[in-house]
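Engineer: Structure of the sequence below:
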Amino acid sequence: MSSNEKTLFGHPMGLYVLFFTEMWERFSYYGMRAILFLYLTKSASEGALGLPEDTAGAVYGLYAASVYLLTLPGGWIADNILGQKKAIWLGGICIMIGHGVLALPATPSIFFLGLAFVAVGTGLLKANISSIVGELYPEGGAKRDAAFSIFYLGINLGSFLGMFIVGYLGEKVGWHYGFGAAAFAMFFGLINFKVNGKYLKNVGEKPNKKASYTYLYVVIALLAIAVLSVTTGMLDSIQLANSMKYIISGITVGYFIYIGFLDKSLTIIERRRVGVLFILFVAIAIFWSGFEQAATTFTIFADRHTDRDLFGWDLPASWFQNANSFFILVFSAPFAALWIWLNKRNLNPNVPVKFGLGLIQLGLGFLVMYFAAQRILDGTLAGMGWLTFTYLLHSLGELCISPVGLSSYTKLAPKKYYSQMMGLWFVGASLGNLIAGLFAGNFDEGNVDAMPGLFMQFCMYGAVAGLLMILFQKQIKNWMGGIE
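Structural biologist: Just a heads-up that it's a prediction; the model follows:
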């Protein structure tokens with residue numbers, strides 16, 4: 001950042017352009033996501049699709065996984081063809097079109113096509129907008145971490161407004177009114193990016209390199225086959241979703257092997273850093289597989305097993321997801337200040353310790369849900385406090401992991417693979433979302449007795465993974481090669 005550059009609260013104006021673009025995009029994404037699983041599972045008499053829980057969970061998982069999986073080719077396109085700015089712009093247009101399609105009362109096939117547009121657009125936008133945030137701070141350090149926390153505030157402000165407005169419209173007025181509101185939100189984001197993009201100057205203007213288009217053609221062909229297969233009913237969504245677990249894992253491992261071992265142009269320090277990025281990838285996949293149950297199993301719990309009466313009014317079940325956004329809005333700034341305050345005193349926990357703390361809090365949240373699920377086995381409705389406290393723990397865990405992880409990926413990624421490594425970060429979210437969707441298939445009306453045990457599984461996954469991160473934090477930090 002140059003000394004004569006215009007700033008606001010010590011940060012370049014470009015950060016706030018990205019803040020508001022991401023805010024409106026997350027309004028559209030999380031707003032639609034808040035009602036998606038309900039729309040898939042509610043009956044046709046309620047204006048919804050009426051799918052069984054296992055099928056709906058698979059469809060949701062495939063969609064949510066695709067949203068983040070496509071950040072990998074999205075990063076490649078930015079690196080090799082468009083540059084990050086153009087990728088963000090085209091991605092936003094695709095997202096707006098997709099939500100517009102969802103707003104039209106149509107057949108399931110057309111609805112799934114709309115989901116595909118949203119997924120493709122998010123793949124182009126999501127990784128690249130985060131990459132530009134990192135490029136605004138070439139000096140790195142705690143200030144970059146603070147910038148990502150501010151950026152994360154925009155994400156959660158958008159999701160809070162989106163779930164509040166789209167959730168109400170979808171559940172109380174009409175499903176397609178909610179989807180329409182998501183389309184308008186992305187439209188506002190595009191206007192902001194176009195009008196105020198001048199503050200980004202030359203950041204993200206040009207691709208880093210030029211390469212063969214073969215990779216892009218393969219991705220387009222595979223995506224077209226997948227969309228046609230699902231929309232025409234050629235493939236069973238549950239089998240496809242289960243297969244995707246292994247496909248995503250295989251693609252990711254292959255990418256890390258190629259970058260970390262086969263590309264001889266990287267130094268030994270860069271290769272060790274790639275190893276750290278892989279460890280962080282595994283950790284974030286575990287975290288998101290539990291955290292993203294907010295839109296699936298937790299929504300089922302809110303809709304069917306929670307007393308939602310507030311002064312005689314039945315709260316929309318989707319609004320409970322807003323507890324996460326509320327807590328992030330409350331605690332984002334204090335956490336950003338905390339990291340800087342600790343850093344000045346040489347007390348700032350290193351990256352693996354922060355990840356460990358976040359995973360442990362994820363496990364504690366599922367411990368709360370274990371006890372909540374025990375209470376509803378006799379048909380009693382649980383109080384709203386159970387879900388609220390779980391969201392508090394998961395939100396604090398998110399603040400220990402997500403903004404810190406995003407910042408770490410921008411600092412540790414080899415320059416040659418900058419946007420693609422950011423794409424790999426979001427592939428971790430892809431795998432987590434897919435598992436969360438498949439896991440929701442176990443929560444049907446005839447399987448209530450199994451609910452406590454299912455929640456306890458994720459309690460153990462989070463706690464054990466977190467303890468391992470803390471136990472091996474010194475070795476991981478050494479591989480980071482001096483990067484904090």
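Engineer: ok, residue 116 - contacts?
Structural biologist: 66, 98, 223, 227, 231 (C-beta atoms under 8 Å, 6 or more residues apart in numbering). C-betas here are computed from N, CA, C, even on glycine.
Engineer: Looking at those, which are in helices?
Structural biologist: 66, 98, 223, 227, 231 (DSSP state H).
Engineer: of all the residues you listed, which comes closest to residue 357?
Structural biologist: residue 66 (30.3 Å; C-beta to C-beta).
Engineer: which secondary structure element contains the residue minimising distance to the centre of the chain?
Structural biologist: By C-alpha atoms, centre = their mean, the mean C-alpha position of the chain lies nearest to residue 429, the distance being 5.5 Å. Taking DSSP states H and E as the definition, one finds residue 429 inside helix 418-440.
Engineer: what pLDDT, on average, does that helix get?
Structural biologist: Averaged across helix 418-440, pLDDT comes to 84.
Engineer: Check the offset of the following helix or strand past it from the chain's centre.
Structural biologist: Where DSSP H and E defines the elements, the next helix or strand beyond helix 418-440 is helix 451-471. Distance of helix 451-471 from its chain centroid, counting by C-alpha atoms, centre = their mean, to the nearest Å, is 20 Å.
Engineer: between helix 451-471 and helix 418-440, how many degrees?
Structural biologist: With axes from the mean of the first three to the mean of the last three C-alpha atoms, to 10 degrees applied, the angle from helix 451-471 to helix 418-440 works out at 150 degrees.
Engineer: and helix 451-471, what's its mean pLDDT?
Structural biologist: The model assigns helix 451-471 a mean pLDDT of 95.
Engineer: now do stretch 305-318
Structural biologist: Averaging pLDDT along stretch 305-318 gives 92.
Engineer: how long is it end to end?
Structural biologist: Stretch 305-318 has its terminal residues 13 Å apart, counting by C-alpha to C-alpha, to the nearest Å.
Engineer: And for residue 463, nearest residue in space, chain neighbours not counted?
Structural biologist: With sequence-adjacent residues excluded and distances taken as C-beta to C-beta, 6 or more residues apart in numbering, residue 463 is closest to residue 363, at 3.6 Å.
Engineer: One more: residue 205?
Structural biologist: Looking at residue 205 with C-beta to C-beta, 6+ apart, the closest residue is residue 83, at 5.3 Å.
Engineer: cool, residue 132 as well?
Structural biologist: residue 204 (4.7 Å).
Engineer: What does residue 310 show for phi and psi?
Structural biologist: phi -130, psi 100 (degrees, to the nearest 10).
Engineer: wait, what's in contact with it?
Structural biologist: By C-beta under 8 Å, 6+ apart, residue 310 has no neighbours at all.
Engineer: If we use 10 Å, what do you get?
Structural biologist: 319, 384 (C-beta atoms under 10 Å, 6 or more residues apart in numbering).
Engineer: Would you mind measuring from it to residue 302?
Structural biologist: Separation of residue 310 from residue 302 (C-beta to C-beta, to the nearest Å) stands at 13 Å.
Engineer: what sits in contact with each of these two?
Structural biologist: 319, 384.
Engineer: where does the stretch 51-200 of the chain have low pLDDT?
Structural biologist: Applying pLDDT under 70 to the stretch 51-200 of the chain picks out residues 139-142.
Engineer: Where do the helices of it begin and end?
Structural biologist: 53-69, 71-77, 84-102, 108-135, 141-168, 175-196 (DSSP state H, counting those that start in this stretch).
Engineer: Please apply the same query to the stretch 251-400 of the chain.
Structural biologist: Going by DSSP H, counting those that start in this stretch, the stretch 251-400 of the chain shows helices at 268-291, 297-305, 322-344, 351-375, 384-412.
Engineer: out of those, which comes closest to residue 48?
Structural biologist: helix 297-305 (12.2 Å).
Engineer: List the buried residues for the closest one?
Structural biologist: Across helix 297-305, burial judged by 16 or more other C-beta atoms under 10 Å covers 297, 298, 299, 300, 301, 302, 303, 305.
Engineer: before we move on, back to that, give the full set of residues in contact with the residue nearest to residue 463.
Structural biologist: Neighbours of residue 363 in contact, by C-beta under 10 Å, 6+ apart: 286, 290, 393, 397, 456, 458-467.
Engineer: hmm, 6 Å instead?
Structural biologist: 459, 462, 463 (C-beta atoms under 6 Å, 6 or more residues apart in numbering).
Engineer: how close does it get to residue 305?
Structural biologist: Taken as C-beta to C-beta, the span from residue 363 to residue 305 is 21 Å.
Engineer: Ok, residue 369 next?
Structural biologist: Distance of residue 369 to residue 305, given as C-beta to C-beta: 11 Å.
Engineer: Give the closest residue to residue 100 in space, chain neighbours not counted.
Structural biologist: Using C-beta to C-beta, 6+ apart, the closest residue to residue 100 is residue 183 (4.5 Å).
Engineer: what's the burial count for that neighbour?
Structural biologist: 21 (other C-beta atoms under 10 Å).
Engineer: got it, and the one 10 residues further on?
Structural biologist: As a burial measure, the neighbour count of residue 193 was computed by other C-beta under 10 Å and equals 23.
Engineer: Isn't it up against residue 21?
Structural biologist: Yes: here residue 193 reaches residue 21: they are 4.5 Å apart, a contact under C-beta atoms under 6 Å.
Engineer: Next up, the contacts around the closest residue to residue 245 other than its chain neighbours.
Structural biologist: Nearest non-adjacent residue to residue 245, counting by C-beta to C-beta, 6+ apart: residue 434, 6.1 Å away. Counting by C-beta under 6 Å, 6+ apart, residue 434 touches 61, 65, 244.
Engineer: how about residue 307, what does it touch?
Structural biologist: residue 381.
Engineer: Got phi/psi on it?
Structural biologist: Main-chain torsions, residue 307, degrees, to the nearest 10: phi -80, psi 110.
Engineer: how many neighbours does the nearest residue to residue 361 once chain neighbours are set aside have?
Structural biologist: Leaving out its chain neighbours, the residue that sits closest to residue 361 by C-beta to C-beta, 6+ apart is residue 397, at 3.4 Å. Residues lying near residue 397 (other C-beta under 10 Å) number 26.
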